Structure formats: structure tokens, C-alpha cells
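Engineer: no sequence for this one, just the structure:
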């Protein structure tokens with residue numbers, strides 16, 4: 001859901017200042033949640049600003065750019081290592097402990113895949129049955 005506009009927020013503040021209506025009354029009048037009015041008034045009293053605050057976002061990674069370069073070097077040198085092994089190798093070189101899950105997300109962002117390629121013979125595909133000397137026999141394609 002998008003944040004309410006600054007104009008709408010300003011209208012609420014203006015009505016609150018002029019009419020000294022309760023928070024519940026403001027919420028009913030403007031058809032918004034009581035908690036929104038509480039947060040808006042608190043923000044206005046503390047900072048004087050009524051603009052919406054930035055939403056969401058993810059926490060920053062533990063690794064700085066130099067450590068990311070080291071991680072890439074480790075991955076390229078040990079391309080068959082598991083995430084747990086990469087985590088241990090990274091700790092040995094940088095003294096920064098990164099969980100397996102965090103390392104998995106980092107490697108996805110760096111476009112590295114750890115899926116093993118399995119080269120096995122393809123099974124023949126059964127395309128139908130043919131009759132040879134009175135017996136049904138599978139006929140297969142490639």
C-alpha cells in the first residue's frame with residue numbers, strides 16, 4: 001500500500017491544530033486508522049516533518065566491497081565447495097563469520113550457481129508398441 005500524500009497529511013495536522021479534535025475523531029473524520037493518526041502526530045511533534053518515512057528495505061550485508069572480492073576469489077578457486085565450506089574459507093581469510101543462508105543469498109546476487117551437472121545417459125523414450133511374431137514389443141525413440 002502506498003503512503004498517504006503530504007497534502008492529505010497536512011490537512012489532518014491543520015484540522016487537529018484548529019479544532020483540537022481527539023485522535024479517534026480525526027481517524028473517523030478522515031477515514032483512516034487511529035494508529036496512523038497517532039504516528040503522524042508523534043512524528044509531527046518530534047521532527048516537525050510530516051513526509052512519509054522510507055518503507056522496507058533490507059539490512060546491509062556483513063561484507064564490504066573488499067571482502068566481496070575475496071569471496072569471489074574463493075568461489076572461483078573452489079568452485080565445487082559447499083556453502084558451509086565457503087563460509088569457513090571466508091572466515092579464515094577475513095575473520096567475518098557469514099551464515100550458510102546469507103552466503104547463499106550473496107552468491108545468488110553475484111549470479112553464482114552451485115547446482116552440480118549430472119551427465120547421465122538419457123533413458124529411451126517409449127513411443128509405442130509393435131507386434132513382432134505375435135508378441136507385443138516396445139518400440140523406442142531416441
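Structural biologist: Cool, got the structure. Computed from a predicted model, the values in this text were never measured in an experiment.
Engineer: For the chain, which segments count as strands?
Structural biologist: 125-132, 135-141 (DSSP state E).
Engineer: rounded to a whole number, what's the mean pLDDT of the first one?
Structural biologist: When pLDDT is averaged along strand 125-132, the result is 61.
Engineer: could you measure residue 32 against residue 23, distance?
Structural biologist: Using Cβ to Cβ, to the nearest Å, residue 32 is found at 11 Å from residue 23. Bear in mind the C-beta positions are built from the backbone N, C-alpha and C, glycine included.
Engineer: quick one: common contacting residues for the two?
Structural biologist: When contacts are counted by Cβ atoms under 8 Å, 6 or more residues apart in numbering, residue 32 and residue 23 have no shared neighbour.
Engineer: Mark out where each domain of this structure begins and ends.
Structural biologist: Under automatic domain parsing, the residue ranges defining each domain of the chain are 6-47, 65-109.
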